[in-house]
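Undergrad: here is my input, please return the structure:
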Amino acid sequence: MKDNFSTQSDDYAKFRPVYPQKLIDYLLSLTDTHENCWDCGTGNGQLAVALAEKFQKVYGTDISEKQLNNATQRSNIEYSKQPAEETNFPDQHFDLITVAQAAHWFDHQKFNREVKRLLKPAGAIVLFGYGLVQVEGEIDQLIKDFYWNVTKPYWDPERNHIEARYETIPFPFKEIEVNENFNIEAEMTLDELTGYIGTWSAVQHYKKAKGYHPVDKLKHKLSEAWEEPACKVTFPIFMKAGKSTI
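TA: Purely as a prediction, here's the structure:
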């Protein structure tokens, strides 16, 4: 698994969007028991904190120590630096395993083997992510132009899994048909939106290659089209959910 987020871990915690309660409720509905949950690739613990409201114990893992240092603490959350593909957890330990906006970075064959080892017989595994932020009007076109014509060459190949809505990720589990649509919806100021875009791994790669921050020019263009103090943004969520095949 690649670590593309340690360098901007502070901004990641500050600007990444918050998952809606509707999504959290759906994840909780996938298992009858709420004893142990593993949030793999937990980042700053955003999802782990939400799941900890119902689970007795949540284990959040990540390969970025800086991300974990920014994680929100709760008494029933245990964070640890571990790769997704090989952990120290006991067999059949988890009712639910979640991966939010991180599964595209994994070695999928090894991770799936680890999931099969760790899930309880009735346990559930959920991978989900969100696509390119959507905004109405000219702002949306400026962001799409920045994504496709400025940063596109600097995305890692794993980004293709996001664009394919995870349909290209191997998933050897008994799939659960997801009949609901989930979106992250929020109001963002210009600083918040450009702060979020600045967390993109492709932006970090661009900065390293070119020696300057590409979001500065984008922010100037957006400011000319910006009309309200904040604008409504939408992040479309996609998901793969399944049950253990043990």
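Undergrad: chain center to the helix or strand hosting residue 242, what's the gap?
TA: Counting by DSSP states H and E, the element that carries residue 242 is strand 231-243. How far strand 231-243 lies from its chain's middle: 10 Å, per Cα atoms, centre = their mean, to the nearest Å.
Undergrad: residues of it that come out buried?
TA: 231, 233-235, 237-243 (16 or more other Cβ atoms under 10 Å). Where C-beta positions appear, they are placed from N, C-alpha and C, glycine not excepted.
Undergrad: also stretch 98-110?
TA: Neighbour-count burial for stretch 98-110 [16+ other Cβ under 10 Å]: 98-106, 108.
Undergrad: of those residues, closest to residue 215?
TA: Of all the buried residues of stretch 98-110, residue 101 has the smallest distance to residue 215: 19.4 Å, by Cβ to Cβ.
Undergrad: quick check, pLDDT for the one residue sitting closest to the centre of the chain.
TA: Of all residues in the chain, the one closest to the mean position by Cα atoms, centre = their mean is residue 101, 2.3 Å from it. Looking at residue 101, its pLDDT is 93.
Undergrad: for the one 10 residues further on, same thing?
TA: Residue 111 carries a pLDDT score of 98 in this model.
Undergrad: where's it relative to residue 172, distance?
TA: To residue 172, residue 111 is 11 Å away according to Cβ to Cβ, to the nearest Å.
Undergrad: do residue 202 as well
TA: For residue 202 relative to residue 172 (Cβ to Cβ), the value is 30 Å.
Undergrad: comparing those two, which shows the higher neighbour count?
TA: residue 202 (20 against 13; other Cβ atoms under 10 Å).
Undergrad: surely residue 32 touches residue 124?
TA: No: using Cβ atoms under 8 Å as the test, residue 32 is too far from residue 124 to be in contact (10.0 Å).
Undergrad: neighbour count winner among the two?
TA: Counted by other Cβ under 10 Å, residue 32 and residue 124 do not tie: residue 124 has more neighbours, with 23 against 7.
Undergrad: how about the helices in the chain?
TA: All helices of the chain, identified by DSSP state H, fall at 9-15, 21-29, 46-51, 65-69, 108-118, 138-145, 159-163, 190-197, 201-210, 215-225.
Undergrad: which one of the ones you listed has the poorest average confidence?
TA: Minimum mean pLDDT among the helices of the chain: helix 9-15, a mean of 58.
Undergrad: now residue 158: phi and psi?
TA: phi -60, psi -20 (degrees, to the nearest 10).
Undergrad: want to throw the helices of the chain into TSV with distance to residue 151?
TA: Shown next, in TSV, are the helices of the chain (distance: least, Cβ to Cβ, whole Å):
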stretch	distance to residue 151
helix 9-15	16
helix 21-29	27
helix 46-51	23
helix 65-69	21
helix 108-118	25
helix 138-145	10
helix 159-163	10
helix 190-197	9
helix 201-210	4
helix 215-225	10
